[in-house]
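[1] Fold the stuff below for me.
(one chain, ligands or ions: 1)
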Amino acid sequence: MSDQTKIQFASSISTTEQNKKRIAIFGSTGSIGVQALNVIAGNLDKFSVEILTAHSNDELLIQQGLHLCPNIVVIADESKYLKVKEALATTDTKVFAGEKALEEVAAMDCYDLMLAAIVGYAGLKPTLKAISNGKTIALANKETLVVAGDIVMRNALEKRVPVIPVDTEHSAIFQCLVGEARNRIEKIILTASGGPFLGRKTNYLVNVKREHALQHPNWTMGAKITIDSATLMNKGLEMIEAKWLFNLSPQQIQVVIHPQSIIHSMVQFEDGSIKAQMGLPDMKLPIQYALAFPKRIKNDFPRYDFKKVNTLNFEEPDMKTFRNLVLAIESLNKGGNLPCIMNAANEIAVYAFLRNRIGFLEMTDVIEKTMQKVTFITKPTLDEYFESDGEARTYAADMIRL
Ligand code: NDP
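    Alright, predicted model coming up:
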């Protein structure tokens with residue numbers, strides 16, 4: 001077990017034995033943020049909401065602010081500042097605006113745990129700030145680890161900050177590792193639903209439109225991760241996320257398609273024994289687990305019923321059709337700034353696809369060409385990650401003429 005995993009298990013115990021845990025939700029207006037607020041609403045004796053942030057959804061942020069009276073709200077889009085400020089004028093909530101404010105607020109001391117639920121690269125800087133401020137991280141924002149996992153986890157280790165995964169698969173692995181501090185992991189098995197286009201081939205995918213790709217069979221999520229799930233890029237991002245969270249080599253990470261999403265992921269130990277974590281697909285469970293860790297909280301979420309079991313299926317991912325997974329594995333193996341470049345190109349490609357500017361399969365071309373073009377750096381500094389991200393975005397956007 002890695003040093004970071006030991007910190008995850010050790011440090012959180014002291015936090016939960018105090019009174020209410022003070023929560024900062026970065027990305028409170030998103031799919032994860034809203035579900036986290038539902039979890040907190042059912043456990044107001046255990047949690048208080050201190051900070052809420054949004055990008056531009058002022059209406060929902062105001063609603064959340066009026067309802068929960070947090071200490072602070074941040075709206076990243078500065079043009080919305082006055083509207084939010086006026087709407088919350090009758091409350092004690094402090095209102096800030098702008099990208100820099102996200103970092104400044106992350107550096108404050110008024111909270112115990114940051115739920116990092118901003119989507120994409122935008123989540124990296126506030127999360128780094130929270131880590132340097134010694135705050136526990138419940139990590140949904142996988143792109144943070146894809147872009148700069150080495151630096152993020154090194155900083156967390158130095159500050160003895162637990163990084164508790166929220167992503168279902170990583171939460172499953174984390175849960176399987178409880179009590180296994182002295183045991184070596186042979187490999188982990190990340191399960192993937194396969195998304196809405198499981199079994200489809202390129203002649204079908206070439207005509208796929210955004211509305212179709214946004215229909216995930218098992219999960220309701222934000223638009224970007226839903227498209228990533230349809231292209232299998234999400235599973236690639238998760239492989240890289242797992243490498244950093246659990247200190248694994250690429251060879252220790254396997255992906256298996258499991259369309260029912262009941263087994264959330266598995267750990268195989270060196271004696272061949274496999275532990276799995278199971279349940280119905282419901283993000284509230286890993287969110288609640290990360291917020292409350294190391295305790296489990298009673299809830300009334302729907303339960304999986306073995307008496308109504310349908311078959312659980314497993315198959316190999318179709319890497320010939322879903323080439324984003326191949327690109328992600330390439331960047332996982334090569335390391336350096338390649339995952340950062342891939343992530344930036346993918347964010348641009350998904351953005352363009354969601355606006356009907358490019359087709360489903362063209363997303364892969366944009367990512368592949370950007371990965372070939374942007375300068376490879378074996379051991380980037382944080383500034384070099386920022387520069388690689390910018391360079392990759394510019395190259396990918398120019399290609400699409402965004
Ligand atoms: P959403 O798109 O639903 O929400 C994203 C949140 O981030 C919103 O609050 C949004 O604000 C905010 N945001 C977006 N861009 C910026 C920006 N540039 N600066 C500041 N804030 C910004 O995403 P999800 O909730 O689906 O996903 C969040 C993260 O969690 C992603 O990294 C995703 O991969 C991960 N995740 C999500 C799962 C899910 O079930 N949804 C499952 C596992 C992981 P606004 O609303 O104003 O735009």
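
[2] my guess is Gln277 is in a strand, correct?
    Yes. Assigned with DSSP: H, G, I helix; E, B strand; the rest coil, Gln277 falls within a strand.

[3] for the record, mean pLDDT for stretch 250-258?
    What stretch 250-258 shows for mean pLDDT is 98.

[4] One more: stretch 304-318?
    Averaged across stretch 304-318, pLDDT comes to 91.

[5] Please compute how far that stretch lies from its chain's middle.
    Between the centre of stretch 304-318 and the centre of its chain there are 25 Å (C-alpha atoms, centre = their mean, to the nearest Å).

[6] For it, buried residues please.
    For stretch 304-318, a neighbour-count test (16 or more other C-beta atoms under 10 Å) marks 317-318 as buried. C-betas here are computed from N, CA, C, even on glycine.

[7] Kindly report the same for stretch 233-251.
    Using 16+ other C-beta under 10 Å as the burial criterion, the residues of stretch 233-251 that qualify are 233-248.

[8] Max pairwise distance over these: which two?
    Pairwise distances across those (C-beta to C-beta) peak at 23.1 Å, for the pair Met233 and Asn247.

[9] so what's the backbone phi/psi at Ala192?
    With angles defined as degrees, to the nearest 10, Ala192 shows backbone torsions of phi -140, psi 140.

[10] give the contact list for it.
    232, 234-235, 255-258, 317 (C-beta atoms under 8 Å, 6 or more residues apart in numbering).

[11] how many other residues sit next to the closest residue to the ligand within the stretch 201-350 of the chain?
    Closest contact between the stretch 201-350 of the chain and the ligand, by C-beta to the nearest ligand atom, is at Gly222 (2.5 Å). The burial count assigned to Gly222 is 17, neighbours taken as other C-beta atoms under 10 Å.

[12] mind listing what the nearest residue in space to it that is not next to it in sequence touches?
    Nearest residue to Gly222 in three dimensions, chain neighbours excluded: Ser31, at 4.6 Å (C-beta to C-beta, 6 or more residues apart in numbering). Counting by C-beta under 8 Å, 6+ apart, Ser31 touches 220-222, 225, 283.

[13] Around the ligand, pick out the residues from the stretch 251-400 of the chain.
    Within the stretch 251-400 of the chain, the positions adjacent to the ligand are Met283 by C-beta under 6 Å from any ligand atom.

[14] all strands of the stretch 251-400 of the chain, in order?
    Remark: strands assigned in the stretch 251-400 of the chain by DSSP state E, counting those that start in this stretch are 253-257, 263-269, 274-278.

[15] I'd like the ones you listed laid out as a markdown table, including mean neighbour count.
    Output for these, formatted as a markdown table (neighbours: other C-beta atoms under 10 Å):
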| stretch | mean neighbour count |
| --- | --- |
| strand 253-257 | 19 |
| strand 263-269 | 22 |
| strand 274-278 | 16 |
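
[16] For Glu169, which of those strands is the nearest?
    Minimum separation from Glu169 across those (C-beta to C-beta) falls at strand 263-269, 4.1 Å.

[17] now the closest one, how far from the centre of its chain.
    Here strand 263-269 is found 19 Å from its chain centre; the criterion is C-alpha atoms, centre = their mean.

[18] Listing partners with orientation, what would you give for it?
    Within its sheet, strand 263-269 is paired with strand 185-192 (antiparallel), strand 274-278 (antiparallel), according to DSSP bridges.

[19] can you list contacts of it?
    Contacts of strand 263-269 with the rest of the structure, by C-beta under 8 Å, 6+ apart, involve 168-173, 176-177, 180, 183-191, 274-279, 286, 312.

[20] Let me have the strands paired with strand 263-269 in TSV, extended by mean pLDDT and distance to Arg22.
    Output for those, formatted as TSV (pLDDT from 0 to 100; distance: least, C-beta to C-beta, whole Å):
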stretch	mean pLDDT	distance to Arg22
strand 185-192	98	32
strand 274-278	98	28
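
[21] buried residues in the helix ranked longest in the chain?
    Criterion DSSP state H: the longest helix present in the chain is helix 382-400. Within helix 382-400, the residues scored as buried using 16+ other C-beta under 10 Å are 382, 384-389, 391-393, 395-397, 399-400.

[22] tell me what that helix is packed against?
    When contacts are defined as 3 or more C-beta pairs under 8 Å, 6 or more residues apart in numbering; DSSP states H and E, helix 382-400 packs onto helix 143-159, helix 338-354, helix 362-373.

[23] Can you say which of these is nearest to Ile262?
    Evaluated with C-beta to C-beta, the helices and strands packed on helix 382-400 place helix 143-159 nearest to Ile262, the distance being 25.5 Å.

[24] lowest-pLDDT helix or strand in the protein?
    Lowest by mean pLDDT, DSSP states H and E among the helices and strands of the chain is helix 3-16, with a mean of 60.

[25] pLDDT (mean, whole number) over the very next helix or strand once past it?
    Counting by DSSP states H and E, the next helix or strand C-terminal to helix 3-16 is strand 21-26. Here strand 21-26 scores 98 as its mean pLDDT.

[26] Within its sheet, name the partner strands of strand 21-26 and how each one runs.
    For strand 21-26, pairing defined by DSSP bridges yields strand 47-54 (parallel), strand 113-116 (parallel).

[27] Hmm, Leu52 and Ser28 touching each other?
    Yes. If you go by C-beta atoms under 8 Å, Ser28 and Leu52 touch, sitting 4.0 Å apart.

[28] ok, these two, which is more surrounded?
    Neighbour comparison, Ser28 and Leu52: the larger count goes to Ser28, with 29 against 26 (by other C-beta under 10 Å).

[29] Now do the contacts for Ile32.
    Applying C-beta under 8 Å, 6+ apart, we find Ile32 in contact with 115, 117, 140, 166, 222, 283, 287.

[30] could you measure the closest residue to the ligand within the stretch 1-150 of the chain against Thr93, distance?
    Nearest to the ligand, among the residues of the stretch 1-150 of the chain, is Gly30, at 1.9 Å (C-beta to the nearest ligand atom). Gly30 sits 19 Å away from Thr93, going by C-beta to C-beta, to the nearest Å.
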